[in-house]
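1. Here's my sequence, what's the structure:
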Amino acid sequence: MATYRKPVSIINEAGWCGGCGHGVVQRLITECLEELGLQDKAVCVVDIACSYWSLDALDYDAIAGPHGRCAAVATGIKKVRPDSTVYVHAGDGSSYVIGLSETCYTAIRDIPITMIVVNNGIFGMTGGQMNLATTLIGDKTVSSKEGRDADTMGHPVDMLNIIKNLDVEFAARGALYDAKHIDETKRYIKRGFENQMNKKGFSIIEVLSPCPTNWKMTPIQAMEKIKNENEKMFPVGIYTDRGGETV
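-> From the prediction side, this is the model:
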């Protein structure tokens, strides 16, 4: 019989809102690192946003870079500590809007880090503003109160469709709305860490995640939104994999 326990690397509670997906992502990260025996080599890079809570929760070396600069900070750490397992845990606003240049140039340079991007379709920590990359058409935010309008605010963009063309090691997207997809997401995250173990290149794993607080929904409603709406714009699966399957 399998015995399930809390990862030993989680040493404190975190301050995420009820129903937030960041805690699930953190749990998957720590499970993968411990299963691979990498927890003592881990260096966590978080953003000055929702992922920042990991600094209090985890027993890892960690740093919070300037907002949006996670990929650049992780690049610097990997260059001076090449034997460390360096990973980013950041949001879609940090990774695809404020830090778009840093993310893309880390991918272009094929830096051997593992980047985990939580896509909740909104700027969470700063009050629920529209995200130009990931907020869906029609979604209401504090900066798109009547709903996102394509004529004035543009369309969301599937960033993995862009990043996969930059000759990276691995790009995949998972989701958190049911056990099957959580398990699939974990496999993608573990693959990202295995690539780093094996001295391979840049791995990015995006995770479709709920934000009940800013979406003004219950946690159950938020999960249904991911399944029925967000995944249509952002399909889950492997986008590129030098060693195997692509979408």
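2. neighbouring contacts of the helix or strand that contains residue 77?
-> Using DSSP states H and E, residue 77 sits within helix 70-80. Helix 70-80 is contacted by residues 43, 45-47, 63, 65-66, 84, 86-88, 90, 94-95, 99, 102-103, 105-106, 109, 111-113, 115 when judged by CB atoms under 8 Å, 6 or more residues apart in numbering. Every residue, glycine included, has its C-beta placed from N, CA and C.
3. residue boundaries of the helices in this structure?
-> For the chain, applying DSSP state H gives helices covering 22-35, 54-57, 70-80, 92-93, 100-108, 150-153, 159-163, 179-197, 212-215, 219-225, 231-233.
4. and of these, who's closest to residue 131?
-> Within the helices of the chain, the stretch nearest residue 131 is helix 92-93; the backing value is 5.3 Å (CB to CB).
5. Check the protein and tell me which residue is nearest its centre.
-> Nearest to the geometric centre of the chain sits residue 117, at 1.8 Å (CA atoms, centre = their mean).
6. Identify the bridge partners of that one.
-> residue 90, residue 206 (DSSP bridges).
7. Next, the buried residues of the lowest-mean-pLDDT helix or strand in the chain.
-> Least confident helix or strand, the chain: helix 54-57 with a mean of 89, by mean pLDDT, DSSP states H and E. Neighbour-count burial for helix 54-57, counted by 16 or more other CB atoms under 10 Å, picks out 54, 57.
8. Give me the below-cutoff pLDDT ranges for the chain.
-> Low-confidence segments of the chain (pLDDT under 70): 1-2, 245-247.
9. can you do 90?
-> Where the chain drops to pLDDT under 90, the residues are 1-6, 13-16, 47-56, 65-68, 123-129, 142-143, 243-247.
10. List the residues that contact the nearest residue to residue 94 once chain neighbours are set aside.
-> Nearest residue to residue 94 in three dimensions, chain neighbours excluded: residue 47, at 4.0 Å (CB to CB, 6 or more residues apart in numbering). Neighbouring residues of residue 47 by CB under 8 Å, 6+ apart: 64, 65, 67, 68, 70, 90, 91, 94, 99.
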